[in-house]
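1. Predicted coordinates and the sequence they were generated for:
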Amino acid sequence: MKKVMPDMEQLMEPLLRALNELGGSGSINEIYEKVVELENFDAEILAVPHNPGKGRQTEVHYQLAWTRTYLKKAGYLKNSSRGVWALTEKARQARQDRKFNSREVINNVRLIYKRSFLRFNDMGAKEPEALTTVMNDLPEDDFAWREKLHHVLTKGIAPDAFERLTQRLLRESGFVHVKVTGRTGDGGIDGKCIARVNGIMSFHIAFQ
């Protein structure tokens, strides 16, 4: 079993191969599971966290997110709003002709980032600041946004604000008579609401 942490370049070919074996498209989880199967990664490698103490995302998940982003920017992948990723004709042709070059993909995409940096620079940003802003751009479907949201909801927001946010989200989703019934002060929330279906049926729901 492989015991060395893979980087983005090393994951490009396995990711394309995984999608090919999945029939040309797949969800993030399907891609992850297929890559792990194909590469036979060691359990210890798969358990390594990307940012210990600040989220549950693993390093392999993080590297795969960047891999998908780079492959998309290079024209080898496309993704739908539902999070399904698929091979493009360019990817199929490259695999058929055996002309795929992961290092070339990285260099080309970094050139795209470099051009973005130049646009930042034209707006008056200092070079280190602009380059950092561009190169730290998150992968499109990266789990980092979820980690940040989790951190905000659990550490960066007061309990009463969390309660108001929950009420608002439920109301925006169509629930009525949304009430918070428990205020324990531990950052959690207890409540109840009513879900109406087609204006005919109503269901009482308790949430926690």
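-> Sure, I can see it. Everything quoted here is computed from the prediction, not taken from an experiment.
2. quick one: Phe175 from Arg110, how far?
-> 47 Å (Cβ to Cβ, to the nearest Å). Quick note: C-beta positions are derived from backbone N, CA and C, even for glycine.
3. Please say which of the two ends up with more neighbours.
-> Set Phe175 next to Arg110 and count neighbours by other Cβ atoms under 10 Å: Phe175 wins out with 18 against 15.
4. Wait, the more buried one touches Lys192, no?
-> No: counting by Cβ atoms under 8 Å, Phe175 sits too far from Lys192 to count as a contact (9.8 Å).
5. which residues do these two both contact?
-> Ile205 (Cβ atoms under 8 Å, 6 or more residues apart in numbering).
6. would you list every one of the helices in the chain?
-> Under the criterion DSSP state H, the chain contains helices at 8-21, 28-39, 43-46, 59-73, 89-97, 102-122, 127-135, 144-154, 159-172.
7. which one of those has the lowest average pLDDT?
-> By mean pLDDT, the lowest-scoring of the helices of the chain turns out to be helix 127-135, with a mean of 43.
8. Show me how this structure divides into domains.
-> According to automatic domain parsing, the chain comprises the domains 8-146, 157-207.
9. chain center to the longest one, what's the gap?
-> Spelled out, it's domain 8-146. Relative to its parent chain, domain 8-146 has a centroid offset of 10 Å by Cα atoms, centre = their mean, to the nearest Å.
10. Repeat that for the last one.
-> Centroid separation for domain 157-207 versus its chain: 27 Å, with Cα atoms, centre = their mean.
11. which of the helices of the chain is buried the deepest?
-> helix 59-73 (a mean of 21; mean count of other Cβ atoms under 10 Å).
12. which helices and strands sit right next to it?
-> Applying 3 or more Cβ pairs under 8 Å, 6 or more residues apart in numbering; DSSP states H and E, we find helix 59-73 packed against helix 8-21, helix 28-39, strand 77-79, helix 102-122.
13. now the angle from that helix to helix 28-39?
-> If you take axes from the mean of the first three to the mean of the last three Cα atoms, to 10 degrees, helix 59-73 sits at 110 degrees to helix 28-39.
14. mind saving the C-alpha coords of helix 59-73 as PDB?
-> The C-alpha atoms that make up helix 59-73 are tabulated as PDB, following Å, rounded to 0.1, in the frame of the first residue of the first chain:
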ATOM      1  CA  GLU A  59      -5.000  16.200   3.100                       C
ATOM      2  CA  VAL A  60      -5.900  13.700   0.400                       C
ATOM      3  CA  HIS A  61      -9.400  15.400   0.000                       C
ATOM      4  CA  TYR A  62      -7.700  18.800  -0.100                       C
ATOM      5  CA  GLN A  63      -5.200  17.700  -2.800                       C
ATOM      6  CA  LEU A  64      -7.900  16.100  -4.900                       C
ATOM      7  CA  ALA A  65      -9.900  19.300  -4.700                       C
ATOM      8  CA  TRP A  66      -7.000  21.300  -6.100                       C
ATOM      9  CA  THR A  67      -6.400  18.600  -8.700                       C
ATOM     10  CA  ARG A  68     -10.000  18.900  -9.900                       C
ATOM     11  CA  THR A  69      -9.700  22.700 -10.000                       C
ATOM     12  CA  TYR A  70      -6.400  22.600 -12.000                       C
ATOM     13  CA  LEU A  71      -7.800  20.000 -14.500                       C
ATOM     14  CA  LYS A  72     -10.900  22.100 -15.000                       C
ATOM     15  CA  LYS A  73      -8.900  25.300 -15.600                       C
END
